[in-house]
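> give me a model of this one.
(one chain, ligands or ions: 2)
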Amino acid sequence: MTIAALIVAAGRGTRAGGPVPKQWQMLAGAQVARWTLRAFSRMDRCVVVVHPDDMETAKTAAKGIDCTFVPGGADRAASVRLGLEALAEDPPRLVLIHDVARPCVSPEIIAEVIAALDTAKAAAPALPVTDALWTGDAGRVTGTRDRDGLYRAQTPQGFRFDAILAAHRAHPGGAADDVAVARAAGLDVAITEGSEQNLKITTPADFARAARILEQGLDIRLGNGFDVHAFAEGDHVMLCGVAVPHERGLSGHSDADVGMHALTDAIYGALADGDIGQHFPPSDPQWKGAESHVFLSHAVARAAARGYAVGNVDVTLICEEPKIGPHAAAMRAALAAIIGIEAGRVSVKATTSERLGFTGRKEGIAAMATATLVTA
Ligand SMILES: Nc1ccn([C@@H]2O[C@H](COP(=O)(O)OP(=O)(O)OP(=O)(O)O)[C@@H](O)[C@H]2O)c(=O)n1
Ligand SMILES: C[C@](O)(CO)[C@H](O)COP(=O)(O)O
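Numbers count the residues shown, from 1 in each chain. Ligands and ions are numbered 1, 2, ... in the order given. Below is the predicted model:
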């Protein structure tokens, strides 16, 4: 049974404010959209509907996550319709339509919607209204309403694909959500259990609430890595993705980027997933001279495939020479770009070994690294 996720992310987030639309803003260490996409990473397919101006931003936010991008429309309903039409080229059996602005959606909420679709053509989570309801005007209460039978709608809203595609094609447009479209087409919609935690980030205050929810649910894994490369003939050393001019090079099967190797091993270590030599055997000629970002990207992708993102990393280079300080900012930026996190979560520092041992005798460079992985 194919299940597709359709994530609508083409809004402008005007009520949330900020320098960029809310889905591209940072939240508990990752962009809002990244949290949301990770929550659906176990679906068979994922289509993300984004504003045409945001295509590149969206691809960066989704780095390592398997999804395709479709340009959005003028309102939510139009964006959903465009996403459904894109999926219709190879129709799934079920589709879960979800607001990118609900990054705290839990696996349980998603599973309940899918389970309800065993017997219903449409199902969506909701919470019964618990507060008294008023009407108001100009800061004055003008009336009251009975809350019995009223629900607050959430997403993902799940459907048999053919049914919701036909419903959207028949709808004049402008619906607030897909349940409204489904009902207009006569579909019966099952209500599943929503959650207060599945909030939609709408105003600036919602970011702090969502961050608290995501941080509470975090499973943090920690790994360390250590590597050494000997000096050899050459005129530069590759360290943390930066070519640092030096009177000697480093010897190695790959580009001998000792810092990046230690960091890659730290990520494998956090996953309990072996080490760099196991994934890229030095006996394999295809890795001869390889650029080490290949190894680091591989470790990050393996973490993402298991539902983890890199939280922060810390690399220490141990050498008498070359001087690392002048290059540390460039190294942090290079590692951050490969991992797909902000540079503020990447530390690169250096120490000498007080002229003791092989690094003290300037025979080579050692590196140690620590990485944390966090779950979505
Ligand atoms: N043209 C639009 C408008 C909205 N959405 C998406 O629909 C969801 C719910 O919309 P809302 O929370 O209202 O988001 P925005 O439209 O971005 O917010 P605002 O109304 O504050 O601008 C969001 O995931 C949003 O990205 C969309 O895909 N296309
Ligand atoms: C679909 C929805 O999330 C249900 O609560 C909501 O209607 C979308 O947000 P909007 O602010 O109404 O566009």
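> residues touching residue 46, list them.
Residues near residue 46 by Cβ atoms under 8 Å, 6 or more residues apart in numbering: 4-7, 37, 40, 65-68. C-beta: built from backbone N, CA, C; applies to glycine.
> any chance of these in a markdown table, plus distance to residue 289 and neighbour count?
Formatted as a markdown table, the contacts of residue 46 follow (distance: Cβ to Cβ, whole Å; neighbours: other Cβ atoms under 10 Å):
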| residue | distance to residue 289 | neighbour count |
| --- | --- | --- |
| 4 | 41 | 23 |
| 5 | 40 | 28 |
| 6 | 43 | 30 |
| 7 | 40 | 32 |
| 37 | 34 | 28 |
| 40 | 38 | 24 |
| 65 | 30 | 20 |
| 66 | 29 | 13 |
| 67 | 33 | 17 |
| 68 | 34 | 12 |
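> among those residues, name the ones in helices.
residue 37 (DSSP state H).
> among the contacts of residue 46, which are in strands?
Of the positions in the contacts of residue 46, 4-7, 68 sit in strands, assigned by DSSP state E.
> how about the residues of the protein that lie near ligand 1?
Residues of the chain found near ligand 1 (Cβ under 6 Å from any ligand atom) are 8-16, 21, 23, 49, 72-76, 79, 99-101, 200, 202.
> show me what the one helix or strand residue 373 maps to is packed against.
Counting by DSSP states H and E, the element that carries residue 373 is strand 364-375. On a contact count with 3 or more Cβ pairs under 8 Å, 6 or more residues apart in numbering; DSSP states H and E, strand 364-375 meets strand 220-232, helix 258-271, strand 308-318, helix 357-360.
> list the buried residues in stretch 246-254.
Buried residues in stretch 246-254, counted by 16 or more other Cβ atoms under 10 Å: 246, 248-250, 252-254.
> nearest to ligand 2: which residue in the protein?
Shortest the chain-to-ligand 2 distance, computed as Cβ to the nearest ligand atom: residue-wise this is residue 177, at 3.5 Å.
> what about the nearest residue to that residue once chain neighbours are set aside, how many residues nearby?
Closest residue to residue 177 apart from its sequence neighbours, by Cβ to Cβ, 6 or more residues apart in numbering: residue 153 at 5.7 Å. Residue 153 has 18 neighbours, counted by other Cβ atoms under 10 Å.
> try the one 10 residues further on
Using other Cβ under 10 Å, the number of residues around residue 163 comes to 16.
> quick one: it and residue 117 touch, right?
No - using Cβ atoms under 8 Å, residue 163 is not in contact with residue 117; the gap is 10.3 Å.
> quick revisit: contacting ligand 2 as well, which ones from the residues of the chain next to ligand 1?
Okay, of the residues of the chain next to ligand 1 touching ligand 2 (Cβ under 6 Å from any ligand atom), that's 76, 99, 200.
> so where do the helices sit in the stretch 101-250 of the chain?
For the stretch 101-250 of the chain, the helices defined by DSSP state H, counting those that start in this stretch cover 107-116, 161-170, 178-184, 205-216.
> so where's the stretch 51-200 of the chain shaky on pLDDT?
Counting by pLDDT under 70, the stretch 51-200 of the chain has no low-confidence residues at all.
> could you pull out the strands for it?
Assigned by DSSP state E, counting those that start in this stretch, the strands in the stretch 51-200 of the chain fall at 68-71, 94-99, 122-128, 133-137, 140-145, 151-153, 157-160, 189-193.
> of these, which is nearest residue 354?
Closest approach to residue 354 among these is made by strand 68-71 (52.7 Å; Cβ to Cβ).
> what does the closest one contact?
10, 45-52, 55, 58-59, 62, 82-83, 86.
> show me which of these are buried.
Applying 16+ other Cβ under 10 Å to those flags 10, 45-51, 58, 62, 82-83, 86 as buried.
> name the nearest of those residues relative to residue 276.
residue 62 (25.8 Å).
> if you drop the residues flanking it in sequence, what lies closest to residue 226?
Nearest one to residue 226, counting by Cβ to Cβ, 6+ apart, is residue 368 at 4.9 Å.
> the one you found bridge partners, please.
In this entry, residue 368 is beta-bridged to residue 226, residue 316, by DSSP bridges.
> need the contact list for it.
Residue 368 neighbours (Cβ under 8 Å, 6+ apart): 224-226, 262, 315-316, 318.
> what's the burial count for residue 22?
28.
> residue 73 contacts residue 81, doesn't it?
Yes - Residue 73 is within contact range of residue 81, at 6.8 Å (criterion: Cβ under 8 Å).
> looking at these two, which one has more neighbours?
residue 81 (23 against 18).
> with adjacent residues omitted, what lies nearest to that one?
Per Cβ to Cβ, 6+ apart, closest to residue 81 is residue 168, 4.8 Å.
> same thing with residue 52?
Nearest-residue entry for residue 52: residue 71, 4.6 Å, with adjacent residues in sequence omitted and distances by Cβ to Cβ, 6+ apart.
> any idea what the one you found is bridged to?
Beta bridges link residue 71 to residue 50, judged by DSSP bridges.
> could you do residue 190 as well?
residue 123.
> neighbours around residue 313, how many?
Counted with other Cβ under 10 Å, residue 313 comes out at 25.
> and the strands of the stretch 51-200 of the chain as CSV, adding distance to residue 213?
Shown next, in CSV, are those (distance: least, Cβ to Cβ, whole Å):
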stretch, distance to residue 213
strand 68-71, 27
strand 94-99, 15
strand 122-128, 15
strand 133-137, 26
strand 140-145, 29
strand 151-153, 17
strand 157-160, 21
strand 189-193, 17
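> right, I'll call it a day here.
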